[in-house]
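Chemist: Fold the following, please.
(3 chains)
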Amino acid sequence: MTPEARLRTLEDREAIRDLIARYGPLADSGQAAAVARLWCDDGVYAVGGMAEAKGHAAISALIEGHVHQKLMTDGCAHFLGPVAIELTDDSAIVIGYSLVLRQGDKGIEPWRMSSNRWTLRRTPEGWRVARRDNAPLNGGAAARALLSFS
Amino acid sequence: MTPEARLRTLEDREAIRDLIARYGPLADSGQAAAVARLWCDDGVYAVGGMAEAKGHAAISALIEGHVHQKLMTDGCAHFLGPVAIELTDDSAIVIGYSLVLRQGDKGIEPWRMSSNRWTLRRTPEGWRVARRDNAPLNGGAAARALLSFS
Amino acid sequence: MTPEARLRTLEDREAIRDLIARYGPLADSGQAAAVARLWCDDGVYAVGGMAEAKGHAAISALIEGHVHQKLMTDGCAHFLGPVAIELTDDSAIVIGYSLVLRQGDKGIEPWRMSSNRWTLRRTPEGWRVARRDNAPLNGGAAARALLSFS
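Modeler: As a prediction, this is how the structure comes out:
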């Protein structure tokens, strides 16, 4: 690779990591429109067992919906783990965990732990999420299937 | 940007991420002076609801204090999440979560979950923390306010 | 440093971070051989208080063993934290946390929290783990000792 291509690869990976690191803070502060703008216009957020939202309005609605608003009122963190990234020109696959923690009556409770497989796309505005699949790590096959690149 | 400026941006972001990743291990092994040196000489660590420490001596004292030493004796991890970084020449704003876990009688307990907003400054010795604001994610406004860059 | 050396340093750190981010997803999806291949042929995985595995067959056997398979059946995440990296030409020391979460009868339980010190080596196939030391953060000296680079 040329130095230019190597620089660009590093910048792409850095941008992707930063994009994903913004999800939790935006979600937990209720910035629904900004959460949605992490996705492409036609992006999909498939929350295993709960919802499949397509497009900015639907993704915003997840944040504005009862389940998420209740979590925010209680106190919550959408705590993500480090991500593994496979980059191919203008798209990328990213794998990582998410852990939703909730302030409960008796202390802080891990409320949902999931595997996540993100498909990202380079757009004129930068990297955006084309699809995020999320599945609870409950021993079932769905969550395990998200943990492989192929 | 020139290739030189692009390289430097990547190096800055890498250095910032590495600096923040050192907080937990230094704190949980009781290296109080080394924790303090992550901050500028006049740096501030504002721990929401607990303390506001300014300068190396005061930050060291947090690590050497009763609350932290008791956590260490019990067994604890200051487990941080990935960070989102906004870099502007010689300063940066960084947003991320922290989760303090404690070994209790009945197992490992999430003891405190917080949002964090770090202001970093480039110094002759490298990137250092000018200010870290931390607030417990308990449903209140303080923690949410730390989750935005502006 | 020359621009070439600076690029290479960034690429090395990126590759190291990505390698470590793959451990959890591979382990929690039971890809035993792929987990083992994160290590050098003669690599060591020392799991404090549980096992010391040397070489690919022994590391695979940890993943295929009863304890890990039971965790997977229950639902688990080997959730790692961000890492601090010290790089020296063809080797690196990496420090970070790991938290194993398990789906229990009454909810998700943090099952094991540990400090980790990884020694990585550059090989013809890329960065690989020469040794990973892991120790439970239970207040004892073993886990704290892993939290320093020297």
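Chemist: Can you list the buried residues in the worst-scoring helix or strand of chain A on mean pLDDT?
Modeler: Taking mean pLDDT, DSSP states H and E as the measure, strand A:51-54 is the helix or strand of chain A with the lowest mean score, a mean of 93. Judged by neighbour count using 16 or more other Cβ atoms under 10 Å in any protein chain shown, the buried positions of strand A:51-54 are A:A53. Just so you know, the C-beta spots here come from the backbone N, C-alpha and C atoms, and that holds for glycine as well.
Chemist: got a list of contacts for that strand?
Modeler: Identification of contacts with strand A:51-54 by Cβ atoms under 8 Å, 6 or more residues apart in numbering or on different chains yields A:D42, A:G43, A:V44, A:Y45, A:A46, A:V47, A:I59, A:A61, A:L62.
Chemist: Quick one: mark the members of those residues that sit in strands.
Modeler: Secondary structure defined by DSSP state E assigns A:D42, A:G43, A:V44, A:Y45, A:A46, A:V47 of the contacts of strand A:51-54 to strands.
Chemist: Chain B contacts on chain A?
Modeler: Near chain B, the residues belonging to chain A are A:3-4, A:7, A:10-11, A:14, A:17-18, A:20-22, A:24-26, A:28-31, A:72-77, A:79-83, A:101, A:103, A:107-110 when assessed by Cβ under 8 Å from any Cβ of the partner chain.
Chemist: Derive a PyMOL selection command for the buried subset of those.
Modeler: Buried subset of those, written as a PyMOL selection, criterion 16+ other Cβ under 10 Å:
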select buried, chain A and resi 7+10+14+17+18+20+21+22+24+25+26+28+29+31+72+74+75+76+77+79+80+81+82+83+101+103+108+109+110
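Chemist: which phi and psi does A:A143 have?
Modeler: Backbone geometry at A:A143, expressed as degrees, to the nearest 10, gives phi -70, psi -40.
Chemist: now the closest residue to it other than its chain neighbours: how far from chain C?
Modeler: Among residues not flanking A:A143 along the chain, A:A135 sits closest, at 4.0 Å (Cβ to Cβ, 6 or more residues apart in numbering or on different chains). If you measure A:A135 against chain C using Cβ to the nearest Cβ, to the nearest Å, the figure is 11 Å.
Chemist: what does A:E86 give?
Modeler: Shown here: A:E86 relative to chain C, a distance of 9 Å by Cβ to the nearest Cβ.
Chemist: ditto for A:G140
Modeler: 7 Å.
Chemist: Can you get me a residue count around A:R122?
Modeler: As a burial measure, A:R122 scores 16 neighbours (other Cβ atoms under 10 Å in any protein chain shown).
Chemist: how about it, secondary structure?
Modeler: In three-state terms, and counting by DSSP: H, G, I helix; E, B strand; the rest coil, A:R122 is strand.
Chemist: How about it: which residues does it bridge to?
Modeler: In this entry, A:R122 is beta-bridged to A:W127, by DSSP bridges.
Chemist: and it, what is it in contact with?
Modeler: Neighbour list for A:R122: A:D12, A:D89, A:D90, A:S91 [criterion: Cβ under 8 Å, 6+ apart].
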